[in-house]
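1. fold the following, please.
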Amino acid sequence: LHVLRAKAGINFQPYEQAWKEFKILHDKTYKALEEEIHRFEIFKENVQKIEEHNKMYHLGKKSYYMGVNQFSDLKHEEFVKYNGLNRTSLKDGGCSSYLAANNLVVPDSMDWRTKGYVTPVKNQGQCGSCWSFSTTGS
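-> Have a look, this model is predicted:
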């Protein structure tokens, strides 16, 4: 990182240890110095977003907590390519198979974990079949 810092003139200090741990934990290597600098900048931005989100979580303004994961060196546009699901929308005149019940009482919230319906998180890597894991787990 000293070489990166000197070459790029980037302030690595606040995120240096987190970056080292991230690369080790997720076995991240980069082909060129420029690529590592680019990925580090994205990582810093994502960690800052995570920190801001978690501040809101601790204030009760968000319902979930965020953390660094194997995708933290990717931009959002790059990350969405990993879900493997090609979404299509209904065309004009299309129909939906959902029919709402007339007198259904819906609770304000539901924690499916307490009902035993949530399976553990599985890392499928880059295979692009996360939709199938989700389907079989439900």
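2. in stretch 48-68, what's buried?
-> By 16 or more other Cβ atoms under 10 Å, the buried positions in stretch 48-68 come out as Ile50, His53, Met66, Val68. Using the backbone N, CA and C atoms, a C-beta is placed for each residue, glycine as well.
3. need the pLDDT of the first one.
-> Per-residue pLDDT puts Ile50 at 96.
4. can you name the element that comes right after the host helix or strand of it?
-> Assigned by DSSP states H and E, Ile50 belongs to helix 33-58. Where DSSP H and E defines the elements, the next helix or strand beyond helix 33-58 is helix 76-79.
5. only alpha carbons, please: show that following helix as PDB.
-> Written as PDB, here are the backbone C-alpha positions of helix 76-79 (Å, rounded to 0.1, in the frame of the first residue of the first chain):
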ATOM      1  CA  HIS A  76     -23.500  -1.000  -8.000                       C
ATOM      2  CA  GLU A  77     -23.700  -1.500 -11.800                       C
ATOM      3  CA  GLU A  78     -21.100  -4.300 -11.500                       C
ATOM      4  CA  PHE A  79     -22.800  -5.900  -8.500                       C
END
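6. now for that helix, which elements pack on it?
-> Identification of packing neighbours for helix 76-79 by 3 or more Cβ pairs under 8 Å, 6 or more residues apart in numbering; DSSP states H and E yields no helix or strand.
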